[in-house]
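Trainee: missing the sequence, but the structure's below:
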């Protein structure tokens, strides 16, 4: 039955997309571009800060979920735990055909990344889950492939590379060694967590990441990130629009 | 209405407990002790490896959820992401009065921990979520208080101390600095994640952690952990039983 359902989805144009974005500054331009409206009664438990926007664009149902502001501290609920919780709850509630995890990220210039570049990740893995016991080590790394979209990549002229995820904005020497082992060009705080949940619940996922800071550059990450956030979210917004325009009317294997 | 419900729960004996345990080796002795049986149709999505055991003990409904074996790699689904997902899904499905996050952990001898000691954590926080931007830094640390249970602590003669959580079994110098800043006596891989979800969904939670390895000792953590796992789970099992025996017939403020 699951195979039949998967075949059905694959042979029909994608009709429902779930966009997961961690920060309000990243989410609002996309919300505005697609003229999404906030769902006043989202299918989430009472009390959670998660925000659900929805709308229709070129016959595709677009859902965008942002984990919202931390209830105590008022900052965006970034990182792997909130990303995995909203991915889980949103998949359950919205049953999307495809997930797009979009957001800003750090990039490595040694691997060809520059400020404002937009990457479509080929693979995702964690760099801060070190468990030095056989097999548990691989579980910690959690390497997963993104949904393969060779035509989308070619048509939109996006960059591609591997994405490495961790809950810290900075990079310790241990994180750096794992990021190198992961062969990553892009570093974020959510991707591999969204991939874990998408894999668990069998929903294809792609990762659209726009570079706000050069990790192997001279400027401190936090400063560079905050400086470039607004400008780079515009590039992110354009890329997400191009991706959805390209997806419109197509089936998964055509991407 | 929420306050009224909270008051109602507080003034009635605890009737439903959710025990969250990350590893099968830790979970099975508790399952056997309380003669719990596996729920063949748990209220979880198809395909997830999460395992739900349940039963009744001294008029308390006992639910135990273990995140199961990783579907690809076959190892226990340890760490913060799986802990937060099963906490979320289990709270939604089972609406417990109280959560007990039980498990083995590392301890610091400099703070008074020894192999086989069982701790009831007073506070939990993360040590591997470094976000050096004002307020985001506090969000990353995610300090939370455990449900206060002074009578339980005194009666059972358990040790108490602060618990620090991270997704690595080892400890990098950066993790160590954060653990010191968290003033932690105990180090685990799930506690602060369970606390985050419990706080989000307004369920009180306590942490029962048995020490399998001395982090600031001479033996490598992974080796010491595997060596002591079986023996220390027996101590954990005894402590969980004592805790539930003590809870039986009592309201939350009496603990």
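Mentor: Okay, I see it. What you are looking at is a predicted structure, and each value in this text was computed from that prediction instead of being measured.
Trainee: which residues of the stretch 101-250 of chain A lie near chain B?
Mentor: Taking C-beta under 8 Å from any C-beta of the partner chain, the part of the stretch 101-250 of chain A that reaches chain B is made up of A:126, A:128-133, A:135-136, A:138-140, A:166-170, A:172-174, A:193, A:196-197, A:200-202, A:222, A:226. Quick note: C-beta positions are derived from backbone N, CA and C, even for glycine.
Trainee: spell out the secondary structure type for residue A:55.
Mentor: The three-state label for residue A:55, taken from DSSP: H, G, I helix; E, B strand; the rest coil, comes out as strand.
Trainee: for it, which residues are in contact?
Mentor: Contact analysis of residue A:55 by C-beta atoms under 8 Å, 6 or more residues apart in numbering or on different chains lists A:34-37, A:61-62.
Trainee: which one of the residues you listed is nearest residue A:239?
Mentor: Of all the contacts of residue A:55, residue A:239 sits closest to residue A:34, with 13.5 Å by C-beta to C-beta.
Trainee: what's the separation between the closest one and residue A:54?
Mentor: Note on residue A:34: its distance to residue A:54, by C-beta to C-beta, to the nearest Å, is 9 Å.
Trainee: common neighbours of these two, please.
Mentor: A:62, A:64.
Trainee: who has more neighbours, those two?
Mentor: residue A:34 (23 against 19; other C-beta atoms under 10 Å in any protein chain shown).
Trainee: so the more buried one is in contact with residue A:62, correct?
Mentor: Yes: between residue A:34 and residue A:62 there is a contact under C-beta atoms under 8 Å: 5.4 Å.
Trainee: what is in contact with these two at once?
Mentor: A:55, A:244.
Trainee: where do the helices of the stretch 101-250 of chain A begin and end?
Mentor: For the stretch 101-250 of chain A, the helices defined by DSSP state H, counting those that start in this stretch occupy A:136-141, A:150-156, A:173-181, A:191-200, A:221-247.
Trainee: tell me the secondary structure for residue A:92?
Mentor: Note that with three-state DSSP, the state of residue A:92 is helix.
Trainee: touching, it and residue B:45? I think so.
Mentor: Yes: with contact defined as C-beta under 8 Å, residue A:92 counts as touching residue B:45 (6.4 Å).
Trainee: shared neighbours of the two, which are they?
Mentor: Shared contacts of residue A:92 and residue B:45 (C-beta under 8 Å, 6+ apart): residue A:201.
Trainee: list the contacts of residue A:207.
Mentor: Counting by C-beta under 8 Å, 6+ apart, residue A:207 touches A:100-102, A:119-121, A:124, A:146, A:163, A:191, A:194-195.
Trainee: quick check, nearest of those residues to residue B:158?
Mentor: Using C-beta to C-beta, those come closest to residue B:158 at residue A:194, 38.2 Å.
Trainee: for the closest one, which non-adjacent residue is spatially closest?
Mentor: residue A:101 (4.4 Å; C-beta to C-beta, 6 or more residues apart in numbering or on different chains).
Trainee: how near is that neighbour to residue B:228?
Mentor: 39 Å.
Trainee: of these two, which one has the most company?
Mentor: residue A:101 (28 against 20).
Trainee: does that one have beta-bridge partners, and which?
Mentor: As for beta bridges, residue A:101 partners with residue A:20, residue A:207 under DSSP bridges.
Trainee: pretty sure it contacts residue A:206?
Mentor: Yes: assessed by C-beta under 8 Å, residue A:101 is found in contact with residue A:206 at 7.5 Å.
Trainee: for residue A:181, give its distance to residue A:194.
Mentor: For residue A:181 relative to residue A:194 (C-beta to C-beta), the value is 21 Å.
Trainee: same check, this time on residue A:180
Mentor: 23 Å.
Trainee: between residue A:181 and residue A:194, who's got more neighbours?
Mentor: Comparing residue A:181 with residue A:194 by other C-beta under 10 Å, the one with more neighbours is residue A:194, at 29 against 12.
Trainee: list the contacts of the more buried one.
Mentor: Contact partners of residue A:194, counting by C-beta under 8 Å, 6+ apart, are A:20, A:83-84, A:87, A:99, A:101, A:205, A:207.
Trainee: same check on residue A:160?
Mentor: A:119-122, A:153.
Trainee: just send those residues back as a markdown table, with distance to residue B:211, pLDDT and neighbour count too.
Mentor: Below are the contacts of residue A:160 laid out as a markdown table (distance: C-beta to C-beta, whole Å; pLDDT from 0 to 100; neighbours: other C-beta atoms under 10 Å in any protein chain shown):
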| residue | distance to residue B:211 | pLDDT | neighbour count |
| --- | --- | --- | --- |
| A:119 | 43 | 97 | 24 |
| A:120 | 45 | 97 | 21 |
| A:121 | 39 | 98 | 29 |
| A:122 | 42 | 98 | 17 |
| A:153 | 50 | 94 | 17 |
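Trainee: out of those residues, which comes closest to residue B:28?
Mentor: For these, the nearest to residue B:28 is residue A:121 (38.5 Å; C-beta to C-beta).
Trainee: pretty sure residue A:186 is one of the things the closest one touches, is it not?
Mentor: Yes: under the criterion of C-beta under 8 Å, residue A:121 makes contact with residue A:186 at 6.4 Å.
Trainee: show me which of the residues of the stretch 101-250 of chain A next to chain B are buried.
Mentor: A:126, A:128-131, A:133, A:136, A:139-140, A:166-169, A:172, A:174, A:193, A:196-197, A:200-201, A:222 (16 or more other C-beta atoms under 10 Å in any protein chain shown).
Trainee: distance check, residue A:161 against residue A:110.
Mentor: Taking C-beta to C-beta, one finds residue A:161 at 11 Å from residue A:110.
Trainee: ok, residue A:25 next?
Mentor: 28 Å.
Trainee: these two: who's more crowded?
Mentor: Neighbours per residue (other C-beta under 10 Å) separate residue A:25 from residue A:110, with residue A:25 holding more: 15 against 12.
Trainee: not counting its own residues, what contacts the helix or strand where the more buried one lies?
Mentor: Here residue A:25 sits within helix A:24-33, counting by DSSP states H and E. For helix A:24-33, contacts defined as C-beta under 8 Å, 6+ apart pick out A:19, A:21, A:36, A:51, A:53, A:64, A:66, A:69, A:76, A:102-104, A:229-230, A:233-234, A:236-237, A:240-241.
Trainee: with stretch A:109-119 instead?
Mentor: Applying C-beta under 8 Å, 6+ apart, the external contacts of stretch A:109-119 come out as A:105, A:107, A:158-161, A:163, A:184-186, A:207-214, A:216-217, A:228, A:231-232, A:235-236, A:239.
Trainee: can you give me the buried ones in that stretch?
Mentor: Judged by neighbour count (16+ other C-beta under 10 Å), stretch A:109-119 contains these buried residues: A:111, A:113, A:115, A:117-119.
Trainee: tell me which residue is most central in chain A.
Mentor: With distances taken as C-alpha atoms, centre = their mean, the residue of chain A nearest its centroid is residue A:101 (2.2 Å).
Trainee: run a quick neighbour tally on residue A:69.
Mentor: 15.
Trainee: then residue A:28?
Mentor: 17.
Trainee: check it and give its pLDDT.
Mentor: The model reports residue A:28 with a pLDDT of 95.
Trainee: and it, how close does it get to residue B:233?
Mentor: 49 Å.
Trainee: list the contacts of the residue nearest to the centre of chain A.
Mentor: Contacts of residue A:101 (C-beta under 8 Å, 6+ apart): A:19-21, A:83, A:190-191, A:194-195, A:205-208.
Trainee: format the residues you listed as TSV; extra columns: pLDDT.
Mentor: As requested, those are exported to TSV (pLDDT from 0 to 100):
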residue	pLDDT
A:19	98
A:20	98
A:21	98
A:83	98
A:190	98
A:191	98
A:194	98
A:195	98
A:205	98
A:206	98
A:207	98
A:208	98
